[in-house]
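Student: Structure for the following, please:
(one chain, ligands or ions: 2)
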Amino acid sequence: MSTVLWFQGGACSGNTISFLNADEPNVVDLITDFGMDLLWHPSLGMELGNNAQKLFHDCASGARPLDIFVFEGTVVQGPHGSGRYDMFAERPMKEWVTELAQAASVVVAIGDCASWGGIPAMAPNPSDSTGLQFHKRERGGFLGADFRTKSGLPVINVPGCPAHPDWITQILVALATGRAGDIALDELHRPQTFFKTFTQTGCTRVQFFEYKQSTTTFGEGTRTGCLFYEFGCRGPMTHSPCNRILWNRQSSKTRAGMPCSGCTEPEYPFFDLAPGTVFKTQKVSGVIPKEVPEGSDHLTYMAHAAAARIAAPQWSKEDMFVV
Ligand code: SF4
Ligand code: SF4
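Tutor: Ligands and ions are numbered 1, 2, ... in the order given. Here you go, the predicted model:
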């Protein structure tokens, strides 16, 4: 059995809700069949008050061995570095994080906030929030760029707003069954098994993307066009498996007709907090997308787009819906 302690910092609980929605395996399966000894979780922990505090202190001191420390939410450092905006079990949460991260064999950041600060860390960041080992794309965060657990691992980041239930459970299963060494991480410490591909990988609109045909409406499944050209879809530059590992085993944002807003990248929510920018492709000179698919450049993209539009077959301009 691997012991797991899950704490919540500056968070909306979205990742907890996602975790509780897991179904293959579900949370009970994780405990009964996959060797997870869940010592405590904000929604599932059995211990209260002094008993809970004793458990936390025992984990921090090493009296109770801690294998996996899961953190959801930002590390709140304000006001003035005291961390007292986020008190937990009679101390600033940031003090618990320091001790538990040192005591655990593996530390996992679940969701954008824990990975790199997420929405709370956007300017002006009044709570002085940051991620465990990144502040946005910059290495460091609360624990520092050189932080390694006692088993020699950096913080494993499972970003998303929230992270998909399967991303959380599959990583926890791998860790609980002693396969931490098999998890290849990218430069942002994300497991590559989930985050090497793009949201666009497996999107049902990709044939429209190829022929540069835009949809004209939100929703409506995949009846017409791609969401990149007008509706701000970040699918071609966002690393996620959202069209490979479907949400509720059914669908994804782009399949349902809503643009990917890039929630697995450190810059999320990008410019979307500025008025009038949400779900709108940002353009240069009114026509050229400000950001082009990862790995491309504006010149190559424009040449390719012009040729693709000329080559676009009639079907790519039609409504695909048939009764
Ligand atoms: S809707 Fe988004 S993810 Fe799908 S093909 Fe278009 S740009 Fe790519
Ligand atoms: S489709 Fe994009 S915004 Fe939606 S969950 Fe996936 S990565 Fe996040």
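
Student: I'd like the next helix or strand past the helix or strand harbouring residue 57.
Tutor: Element membership for residue 57 (DSSP states H and E) is helix 49-61. Next helix or strand after helix 49-61 toward the C-terminus (DSSP H and E): strand 68-72.

Student: ok, back up a step: and for the helix holding residue 57, what's in contact with it?
Tutor: Residues outside helix 49-61 that contact it (C-beta atoms under 8 Å, 6 or more residues apart in numbering) are 3, 5, 39-40, 45, 47, 63-64, 66, 89-90, 96, 99-100, 103-104. Using the backbone N, CA and C atoms, a C-beta is placed for each residue, glycine as well.

Student: Of the residues you listed, which is the nearest to residue 250?
Tutor: Of all the contacts of helix 49-61, residue 45 has the smallest distance to residue 250: 31.1 Å, by C-beta to C-beta.

Student: Just give the number of residues close to the closest one.
Tutor: By other C-beta atoms under 10 Å, the residues close to residue 45 number 15.

Student: Check the gap between the residue lying closest to it once chain neighbours are set aside and residue 7 for me.
Tutor: Nearest-residue entry for residue 45: residue 52, 6.6 Å, with adjacent residues in sequence omitted and distances by C-beta to C-beta, 6 or more residues apart in numbering. From residue 52 over to residue 7 the distance is 11 Å, taken as C-beta to C-beta, to the nearest Å.

Student: which one of those two has more residues nearby?
Tutor: residue 7 (21 against 15).

Student: so how far is residue 163 from the closest residue to the more buried one other than its chain neighbours?
Tutor: Leaving out its chain neighbours, the residue that sits closest to residue 7 by C-beta to C-beta, 6+ apart is residue 71, at 5.5 Å. Using C-beta to C-beta, residue 71 is found at 12 Å from residue 163.

Student: Also residue 6?
Tutor: 13 Å.

Student: With neighbour numbers in mind, choose between these two.
Tutor: Counted by other C-beta under 10 Å, residue 6 and residue 163 do not tie: residue 163 has more neighbours, with 28 against 23.

Student: Hmm, residue 110 and the more buried one touching each other?
Tutor: Yes: the pair residue 163 / residue 110 is scored as a contact, 5.6 Å apart, by C-beta atoms under 8 Å.

Student: Need the overlap of contacts for the two.
Tutor: Counting by C-beta under 8 Å, 6+ apart, the common neighbours of residue 163 and residue 110 are residue 15.

Student: ok, residue 88 - contacts?
Tutor: Residue 88 touches 7, 96, counting by C-beta under 8 Å, 6+ apart.

Student: ok, now with 10 Å
Tutor: Counting by C-beta atoms under 10 Å, 6 or more residues apart in numbering, residue 88 touches 7, 8, 9, 42, 53, 56, 76, 94, 95, 96, 97.

Student: quick one, phi/psi of the fourth one?
Tutor: Dihedral pair for residue 42: phi -60, psi -30, per degrees, to the nearest 10.

Student: what sits against it?
Tutor: 6, 7, 8, 11, 13, 16, 72, 73, 88.

Student: Can you tell me which residue of the stretch 101-250 of the chain sits closest to ligand 1?
Tutor: Of all residues in the stretch 101-250 of the chain, the one sitting closest to ligand 1 is residue 235 (2.2 Å; C-beta to the nearest ligand atom).

Student: what about residue 114, distance to ligand 2?
Tutor: For residue 114, the distance to ligand 2 equals 16 Å [C-beta to the nearest ligand atom, to the nearest Å].
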